[in-house]
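**Q** Need coordinates for the below:
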Amino acid sequence: MMDVNLEQARFNMIEQQIRPWEVLDQGVLDLLMRVPREDFVPPRYRNLAFADMNIPIGHDQVMMAPKVEARLLQALDVQPDDVVLEVGTGSGYLTALLAHLGRHVYSVEIFEDLSAAAGERLAAHGLDNVTLDTGDAARGWSRHGPYDVIVLTGSVPVLEETWKRDLAPDGRLFAIVGEPPVMNARLVTRVAENEWASEDLFETLLPPLVNAPRPQRFVL
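**A** Got it, this is the predicted structure:
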């Protein structure tokens with residue numbers, strides 16, 4: 001793609017995919033215009049950087065569709081002083097968006113090669129308020145908590161209590177919960193020491209978080 005086509009594709013992504021999906025927060029829209037998504041997709045998928053689809057990045061993992069990323073950013077309302085935990089660094093694109101919005105992002109990735117590639121992309125864009133960890137965070141990652149914002153970038157069949165406990169007061173958690181064919185994007189807010197409010201935002205499908213705990217099933 002030529003640069004002019006990239007800019008037109010970026011504009012079309014926002015006007016044809018993201019705005020119609022009820023993303024009206026101007027700060028989020030401006031951020032999506034500013035951070036070059038095409039720099040974070042695998043080179044062979046560069047021409048699909050702005051397509052309404054999940055983009056494969058290896059290890060059966062994906063970049064979420066742009067409209068899903070936009071909706072989650074709008075729902076989380078990340079503030080300049082927020083400490084953010086991202087579970088699943090992936091390509092590093094969502095990491096970059098979160099880093100532009102919050103004070104510091106701790107991002108955990110189970111696959112070392114994905115983490116290393118994301119680190120190179122983030123460094124190329126001058127983002128120094130990100131700490132990348134490699135490890136299995138499927139059951140929690142409390143070492144830097146509590147967090148003002150937690151984002152799970154893979155789906156989970158059930159939402160573990162650990163995530164909710166790792167939220168700071170007024171902290172927000174975004175997760176896609178369920179199993180095919182029905183998954184719900186869920187926003188959980190810690191409203192008191194032992195009280196959380198939960199809201200299902202929309203339905204979508206996303207590959208599961210590696211090693212995510214599964215619900216116990218009764219076997220006759």
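**Q** wait, doesn't residue 145 sit right on residue 166?
**A** Yes - in this structure, residue 145 is within contact of residue 166 by C-beta atoms under 8 Å, at 4.4 Å. (C-beta placed from N, C-alpha, C; glycine too.)
**Q** Common neighbours of these two, please.
**A** residue 85 (C-beta atoms under 8 Å, 6 or more residues apart in numbering).
**Q** got a pLDDT number for residue 42?
**A** Residue 42 is assigned 94 on the pLDDT scale.
**Q** quick one: the nearest residue to it once chain neighbours are set aside and residue 151, what's the gap?
**A** Distance criterion C-beta to C-beta, 6 or more residues apart in numbering; nearest residue to residue 42, sequence neighbours excluded, is residue 57 at 5.9 Å. Note on residue 57: its distance to residue 151, by C-beta to C-beta, to the nearest Å, is 16 Å.
**Q** before we move on, back to that, can you say which helix or strand has the residue nearest to residue 42 in it?
**A** In this assignment (DSSP states H and E), residue 57 forms part of strand 55-58.
**Q** What of residue 69?
**A** helix 66-76.
**Q** Which residue would you name as the spatial centre of the chain?
**A** residue 153 (4.5 Å; C-alpha atoms, centre = their mean).
**Q** who does the helix ranked longest in the chain touch, helix- and strand-wise?
**A** If you go by DSSP state H, the chain has its longest helix at helix 112-124. Packed against helix 112-124 by the contact rule (3 or more C-beta pairs under 8 Å, 6 or more residues apart in numbering; DSSP states H and E) you find strand 55-58, helix 93-101, strand 104-109, strand 130-134.
**Q** Residues in contact with the second one: which ones?
**A** Helix 93-101 is contacted by residues 27, 31-32, 34-35, 37, 40-41, 63-64, 69, 73, 78-80, 82, 84, 86, 89, 105, 107, 118, 121-122, 125, 127, 129-130, 149, 151, 153 when judged by C-beta under 8 Å, 6+ apart.
**Q** that older thread, sheet partners, orientation included, of the strand holding residue 57?
**A** Take DSSP bridges as the rule and strand 55-58 pairs in its sheet with strand 61-63 (antiparallel).
**Q** So for the strand it pairs with, mean pLDDT?
**A** Average pLDDT, strand 61-63: 96.
**Q** Listing request: residues of the protein with sub-threshold pLDDT.
**A** 1-4, 217-220 (pLDDT under 70).
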